[in-house]
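**Student:** Structure for this input, please:
(2 chains)
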Amino acid sequence: MTKFKSPASAICAGAAMLALAGAAQAADLGATDAPIKLAINEWTGQHITTHIAGDLLTKMGYKVEYVTAGNYPQHTALADGDLSATLEVWTNNVGDIYPKMKEEGKIVDIGPLGLATREGWVYPKHMEELCPGLPDWEALKSCKDAMVTPETFPQGRILSYPADWGTRSADIIKALGIDYKAVPAGSEGALVAELKAADARKTPLVMMMWAPHWVFADVDVGWVELPAYEPACDTDPSWGPNPDATGDCGVEAPETVKVAWSGFEEKWPAAWAFLEAFSVDTSEQELMMKAIDQDGGKVEDVTAAWVADHEAVWKPWVDAATQ
Amino acid sequence: MSRFARRFVVSCGAAWPWLLVFAVGAALVLARAAYPQVVTFPDGWLLPLEGPINVAMDWIVENLRGVTRAISGGLGWAFWLAQEMLVHTPWLVTLAAISLISWQGGGLRLTLLIGAILLYILVSGYWTEAMNTLALVLVALPLSVLLGFAAGYLGYRSETARGIIMPTLDLMQTVPAFAYLIPILLLFGFGPVVGLIASVVFAVPPMVRNTILGFQRIPPAIIESACMSGCSRRQQFLWAELPTALPQMLIGVNQTTMAALSMVIIAAIIGGFEDIGWEVLSAMRKAQFGQGLLSGIVIVVLAVMLDRLTAAYAARQLPTTSHAGWPWRRFAVILVAAICGAWLLAWLVPFFADWPEALVFFPANAINAATTDFVMAFGEVMSRIKNAILYFLLLPVKLGFERAVVPFTWGVTFTPLAKTIYWLLAAVACAVAFGLGRWRAGVAAVIVAGFLFLGATGLPWALVVLAVGLLAWQVGGGRLLALAVFSLGFLLLNGIWPPAMLSIYLCFVAVVICILLGGVIGIWAASSDVVSQVIRPINDMLQTLPQFVFLIPALMLFQVGDFTALLAVVAYAIVPMIRYTEHGLRSVPRPLIEAGVSSGCSPWQMFWQIRLPLAQAQILIGINQTILYALGMLVIAALVGTTDLGQAIYIALGKANAGAGLVAGLGMALIAMTADRILQAVIRSGR
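**Tutor:** The predicted structure follows:
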């Protein structure tokens, strides 16, 4: 599926899809006795996405089972059909197993989930006093001394993703030629804990992060403004502030995709058609994350309430699949 | 010729191989500026095993998949059965059954303790998750005990089998489960069965070791009398050997239980069932200390429950037992009656079937708020402490004085003059020790000086191979030399030398701290019953609470980095040091102490000349375990951003590269085994 660049094109594409669905034969429900097993990963946004889809699949007449699965091992499970689908795969932190298995045809992409994502360096708001000139990235040059730590001396410190997610921060630092060192965080928990602690203690911190993420409901952050990503940045050294390096820009917004077992479409054709149409709106997901993580709501209740209130949103997805 | 000079010459004669190594070392250090390959192993010399392992692994997966999938089907069925039994029964039934089993095993005190534990789990709201975890352990336990017994008996009967079994056990205990996660996922499929298998792999070794020990310790007189009374081989085994070896084997069962439980977190990483480890992991990922602590405590109390239960049933087998319990037949009747009664009650009153949510006590948010307050109040002080330890301990060991002593850290520059004085002092210390006839102390002084000057990451690799090889040869002969060279060669040829040196640096500092601090605490606990009683539950908790839980407040106070990793390693690895030191000092025979008192020893003399030498053997086991535990923690420490072998395993996992993961895991195991064997040999040669 294509990525929608503007609301207008999204509507056009949606309308076209509806017309297509109407014209084509309505998809068969398939094996409604066999439960569709949906993966539950470790973060709240994914729980919301999955439970909304699960609720709607149940409404369509399917049996749905939720199975907890690690972000990494779930791909083995999908390849074997032990899991039927996982609905919020972030291509930026899934490692090589996802592209590898996709290439071998063991798992298949259902299509993009449609979350508007962002990835880059963030800082807690008090940093604007410690490092005047932020959010412009050039400010990092002049306030390096505030960012020096014992482990990185004589360079400044930028907290990076866990080492197994790749080396984005280190690459950007190198390409921009700033005097910083990327320190791998080791885990998502470490990133969150550092952000919360820096915010509470008003200590300096710049780190790699992605949005939507529930922690931003807790901590007010700013995003370092790097030269916006363009494909030319990766290929043409003269592009961007450093004339001698490629990659001297921000990162491309990560994609979120829905992934399934290779036999899914054949076994549950209507469910497949529904999942192809299914998408999640970023701001709605953020609101639900807040209701769960901040206000102590249960995932099932919050998503059920959303489904009850937003029939206009999901009706077309279900109709496209069943009528 | 003076006595000093004479001894000096004799020492030089004894220490000449070391002097040669020092000369080579000095040459290498002087040459490193011109030839960087002295410190960095040349890429062209690498012979990585990663590729061949991947090829072999693909072949194994392709050909054995049918068999392994059948095994995992069978295990999955057994797990499903245990799960049905524990998860889908009303809590009152489980409570009644477990309480009766405790009463039968250990009487009223045990029943009260276990009742309290089950109530805590109910009140915490994690009943279902805890029962899922318990189901996993209940399947892993009998399997580990049976496999362990079979392997142990085989090892007892056959010398050849023992020669294969013993090193395999070391590997099973030291290669982290993450290192072979990819192959076992491919072989056994997704789900709790993979966690089950990881548990069994880790839990079998203590059973094997204790079984072998139990059979080996059978007094020959017992076997002789069995022969004389005309026992067949079978009768001799069943009536003479087995009962005599049983008490030691039961200790094995107890340790196996704890080991199986400590692996539940691996099962959680894979997922597939709603277990308590998943809750701990999710809390870690969200950096929620409160939720992590509350769910982690459920694992601790489960461990305490299984530990006390198995220990109680083990104690019943001993002649000294005081609690008899009911006759088994009557116990069975009472148990069935209680289960039926509880079920009926749960069917009539819903309260007894599902614990009402209104009665759940879950103060996670209060704990989180308190943590943040603590971080804000003490963050400044804590970061000063952290910086001091970094500047004066961690950085010198990692980078050496030559790179760690700079104005930013120490406030001074390590000038060429200062370096000359440094080396002169080392040489003088060595010469004085030689002159006093203690050449080993002199050699050790130069090694320490060189190590601290260059740092773990700056040592020329050839020098490390030479020095470790020489030490191994001197204390343990050709076999130990072969092991040491093989291990270091493995690290070098596979290109994992730099992360391995980082692992060694972190573990070395952690082990030194554990030995000093843990030793002092152990001595204190041995001399005071109050301290001992306070320390014991803390030790239990440090050992069974998943380390993920502690990482969160540590991260908030100390940020990502080596110091936080060091704290995590020390918190876990200090426990055996405390335990074995206390146990060793306390088990000094009373008559010896009385003899010391009557011959007028001061408390000081009593400690240094009687208690400590007699406790030495136990303390050494403690040091050995501390080393193994410290290396085992590296995988967890990688979650706070280390860049050592632990991290290499995660990177391999992220790249779905089974070979790289196994190579890093084997590297860790080889470091652990080499360090352990050399240490043991040093101590044996010193005696």
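**Student:** Give me the distance between residue B:101 and residue A:39.
**Tutor:** According to Cβ to Cβ, to the nearest Å, residue B:101 stands 37 Å off from residue A:39. Just so you know, the C-beta spots here come from the backbone N, C-alpha and C atoms, and that holds for glycine as well.
**Student:** Who has more neighbours out of these two?
**Tutor:** Taking other Cβ atoms under 10 Å in any protein chain shown, residue B:101 and residue A:39 do not tie; residue A:39 has more neighbours (29 against 19).
**Student:** Now do the SS call for the more buried one.
**Tutor:** strand (DSSP: H, G, I helix; E, B strand; the rest coil).
**Student:** Buried residues, the longest helix along chain B. List them.
**Tutor:** Longest helix in chain B, counting residues (DSSP state H): helix B:50-87. Buried residues in helix B:50-87, counting neighbours by 16 or more other Cβ atoms under 10 Å in any protein chain shown, are found at B:50, B:53-54, B:57, B:61, B:68-69, B:72, B:75-76, B:78-79, B:82-83, B:85-87.
**Student:** for stretch B:528-538, same thing?
**Tutor:** For stretch B:528-538, by 16+ other Cβ under 10 Å, it's B:531-532, B:535.
**Student:** gap between stretch B:587-602 and the chain center?
**Tutor:** 34 Å (Cα atoms, centre = their mean, to the nearest Å).
**Student:** Any chance you could list what contacts that stretch?
**Tutor:** B:605-606, B:609-611, B:614-615, B:618 (Cβ atoms under 8 Å, 6 or more residues apart in numbering or on different chains).
**Student:** which parts of the stretch 201-323 of chain A sit against chain B?
**Tutor:** Neighbours of chain B within the stretch 201-323 of chain A, by Cβ under 8 Å from any Cβ of the partner chain: A:201, A:203, A:214, A:293.
**Student:** Just the buried residues of the residues you listed.
**Tutor:** Buried, going by 16+ other Cβ under 10 Å: A:201, A:203, A:214, A:293, out of these.
**Student:** Run a quick neighbour tally on residue 239.
**Tutor:** In the absence of a named chain, chain A is used. So residue A:239, with other Cβ under 10 Å, has 19 neighbours.
**Student:** nope, chain B
**Tutor:** Count around residue B:239 with other Cβ under 10 Å applied: 14.
**Student:** Touching, it and residue B:231? I think so.
**Tutor:** Yes - between residue B:239 and residue B:231 there is a contact under Cβ atoms under 8 Å: 6.7 Å.
**Student:** where along the stretch 1-150 of chain A do the helices fall?
**Tutor:** A:7-23, A:44-59, A:74-80, A:97-103, A:127-130, A:139-142 (DSSP state H, counting those that start in this stretch).
**Student:** buried ones in the last one?
**Tutor:** It refers to helix A:139-142. Under 16+ other Cβ under 10 Å, the buried positions of helix A:139-142 are A:139-140.
**Student:** and stretch B:630-645, how far apart are its ends?
**Tutor:** Using Cα to Cα, to the nearest Å, one end of stretch B:630-645 lies 13 Å from the other.
**Student:** cool, stretch A:135-145 as well?
**Tutor:** By Cα to Cα, the extent of stretch A:135-145 from end to end equals 17 Å.
**Student:** Residues touching it, excluding its own?
**Tutor:** Contacts for stretch A:135-145 (Cβ under 8 Å, 6+ apart): A:121, A:128, A:130-134, A:147, A:155-156, A:176, A:178-180, A:206, A:222-227.
**Student:** could you give me the average pLDDT of the host helix or strand of residue B:557?
**Tutor:** Using DSSP states H and E, residue B:557 sits in helix B:548-558. Helix B:548-558 comes out with an average pLDDT of 87.
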